[in-house]
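> Give me the fold of what follows.
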Amino acid sequence: MLTTVTEEGLVSRPMKTQEVGFDGDLWFFTKKETDKYEEILDDQEVNVAYAGKSYVSVRGRAEIVDDLDKKKELWSKAYEKIMKTSYDDPNVVLIKVNAEAAEYWDTGNFTKKIAFLYKSMTGQSSKSTDVNETVELNQ
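Numbering: from 1, shown residues only. Below is the predicted model of the structure:
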């Protein structure tokens, strides 16, 4: 779930994270004609939450990226069906979320792997991956 800030308060909506190696950024496709596009232009503070067997909440700053090469790199045929267009449509843009901190609740191995990666990236001790912890990503 991607949560943005509006004049009325917080709004969350389901989004599909692009499956790329995590380097501190999360990537999403959207269109310029959406509320989230306008909301991010007004306020870059966002939260991304993942729920399943484990839970992760990522706080960060979002930016709109209109880079044709990056869109092509992240695009898949599934998006043509979902978005009813192609990556080179000028209305299609990327949301890049620079992760600043992540909190996780451990209920399985997937979350421990994410926690280990976050800690490794930030130079923190990665020996402990407690059940609940917040990891600051920006230093």
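
> Could you tell me how many residues sit around K96?
Using other Cβ atoms under 10 Å, K96 has 19 other residues around it. Bear in mind the C-beta positions are built from the backbone N, C-alpha and C, glycine included.

> what residues are up against it?
Contacts for K96 (Cβ atoms under 8 Å, 6 or more residues apart in numbering) come out as D25, L26, W27, A62, E63, I64, V65.

> Kindly state the beta-bridge partners for it.
In this entry, K96 is beta-bridged to W27, E63, by DSSP bridges.

> Also the one 5 residues further on?
According to DSSP bridges, the residues that bridge with A101 are R59, E136.

> any idea how far P90 is from it?
A101 is 34 Å from P90, where distance means Cβ to Cβ, to the nearest Å.

> okay, the two: which has more neighbours?
Neighbour count, other Cβ under 10 Å: between A101 and P90, A101 has more, with 16 against 9.

> Buried ones among the contacts of K96?
Among the contacts of K96, those classed as buried by 16 or more other Cβ atoms under 10 Å are L26, W27, A62.

> just to revisit the earlier point, now tabulate the contacts of K96 in TSV and tack on distance to A51.
Shown next, in TSV, are the contacts of K96 (distance: Cβ to Cβ, whole Å):
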residue	distance to A51
D25	21
L26	15
W27	19
A62	20
E63	25
I64	26
V65	26
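
> of all these, which comes closest to T3?
Ranked by distance to T3 (Cβ to Cβ), the contacts of K96 are led by A62 at 10.3 Å.

> Could you report the pLDDT at the spatially most central residue of the chain?
The centroid of the chain falls nearest to L26 when counting by Cα atoms, centre = their mean (3.6 Å). What the model reports as pLDDT for L26 is 94.

> repeat for A101
At A101, the model reports a pLDDT of 89.

> For T17, which non-adjacent residue is closest in space?
L26 (5.5 Å; Cβ to Cβ, 6 or more residues apart in numbering).
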